[in-house]
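In: Give me the fold of what follows.
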Amino acid sequence: MKRCCVRSATDEVKPVHCREVIWTLLLVGCTFGSNAAELDLKGNRLFVEGTLDGSALPLFKEHLASGKVRTVVFENSIGGSAEVAAEYARAIRAGGLDTEAHGQCHAACAYAFLAGKEHRFGRGFQVNALLIPVGNRPTAGDLQTRWRGEDAHRTLADFTVPAATAAQPQANAPQLSPASLAGTGAELTAVPADVAASSAAASVVPALTPASTAGSSPSAARERWHPDHGVLFTSTPTLFGRVYNAFYCDGTQGRDASRCELLSDADPYKLGVLTP
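Out: This is a model prediction of the structure:
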């Protein structure tokens, strides 16, 4: 039976058998509703519950602009896109706010959570889980810096791309006219509008191949974002303190986190995923 690390209330690390972790995996596998995010301001703590789909973003920014919010608390938030995560993260970072995660905080929620000046799991008897999407399986070296400080912002930027700009004619492209063709033996022929439009599009948009789109096109960047594909950090209350573990989930596990791979030497505090 593998052993796991337990961090007690006094911050003492103890080894225990992984039997307790099974309960973590079962609870993490529970399916939560995919309702849009709901906001609830309590004092200087803004609670955000539900999927970060962007519908609550204007109200979220309005709360932050009031200057009353000091901590954003995410509760059971699964799913969401990289673009929405970037918007929440940008607003949290600009306000210098702290963040907390209570229960499940996956995908968009995870990167919004990491934007906090201080980011912690909530206290209590609930199982906390943070699933941070990744494009590929991280190496041991990646884990050491991937989500520490500004690196979390840069990692999220890998999933987002600027809005596609409309194709513009080349500024220096030569313009053909009857005068310019005089003496060349060539002549201008009328071309149907629909054919001209398709030909013009083909001239400014290069042919797409797997090699040319990998990691460069907007669609390719979005395809790398899979809400269930990432590194899962869990925190489970036990009689000996909280059990902290990290797993790599390749996206095929669905809600059955027991199929994820246990990662060794991936303490979330050492990796900067959680702050003391």
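
In: what's the distance between the nearest residue to residue 152 once chain neighbours are set aside and residue 255?
Out: Spatial nearest neighbour of residue 152, excluding adjacent residues (CB to CB, 6 or more residues apart in numbering): residue 114 at 4.2 Å. No exception for glycine: its C-beta is placed from N, CA and C like everyone else's. The gap separating residue 114 from residue 255 is 23 Å, by CB to CB, to the nearest Å.

In: Repeat that for residue 60.
Out: 27 Å.

In: re earlier: which one's more surrounded, residue 114 and residue 255?
Out: residue 114 (28 against 12; other CB atoms under 10 Å).

In: what's the distance between that one and residue 101?
Out: 10 Å.

In: helix/strand/coil for residue 64?
Out: Under DSSP: H, G, I helix; E, B strand; the rest coil, residue 64 falls in the helix class.

In: Quick check: the residue lying closest to it once chain neighbours are set aside vs residue 101, distance?
Out: For residue 64, ignoring the flanking residues on the chain, the nearest one in space by CB to CB, 6+ apart is residue 95 at 5.1 Å. According to CB to CB, residue 95 and residue 101 sit 18 Å apart.

In: Could you do residue 109 as well?
Out: From residue 109 to residue 101 the distance is 7 Å (CB to CB).

In: repeat for residue 127
Out: On the measure of CB to CB, residue 127 and residue 101 end up 11 Å apart.

In: Settle it for me: which of these two has more neighbours?
Out: The residue with more neighbours, out of residue 127 and residue 101, is residue 101; 29 against 21, by other CB under 10 Å.

In: Direction included, what does the helix or strand encompassing the more buried one pair against?
Out: Per DSSP states H and E: residue 101 is located in strand 98-106. Next to strand 98-106 in the sheet, as set by DSSP bridges, lie strand 71-77 (parallel), strand 119-121 (parallel), strand 128-133 (parallel).

In: rewinding a little: can you give me the pLDDT of the residue nearest to residue 64?
Out: For residue 95, the pLDDT comes out at 95.

In: Surely it and residue 61 touch.
Out: No. Using CB atoms under 8 Å, residue 95 is not in contact with residue 61; the gap is 9.6 Å.

In: Looking at the two, which is more packed in?
Out: residue 95 (19 against 16).

In: Let's see the strand holding residue 101 as PDB, backbone CA atoms only.
Out: What follows is strand 98-106, C-alpha atoms only, in PDB (Å, rounded to 0.1, in the frame of the first residue of the first chain):
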ATOM      1  CA  ASP A  98      -6.800  36.800  -1.800                       C
ATOM      2  CA  THR A  99      -8.600  33.700  -2.900                       C
ATOM      3  CA  GLU A 100     -10.000  30.600  -1.300                       C
ATOM      4  CA  ALA A 101     -11.300  27.300  -2.700                       C
ATOM      5  CA  HIS A 102     -14.000  25.400  -0.900                       C
ATOM      6  CA  GLY A 103     -14.900  22.000  -2.300                       C
ATOM      7  CA  GLN A 104     -14.200  21.500  -6.000                       C
ATOM      8  CA  CYS A 105     -12.500  24.100  -8.000                       C
ATOM      9  CA  HIS A 106     -11.700  22.900 -11.500                       C
END
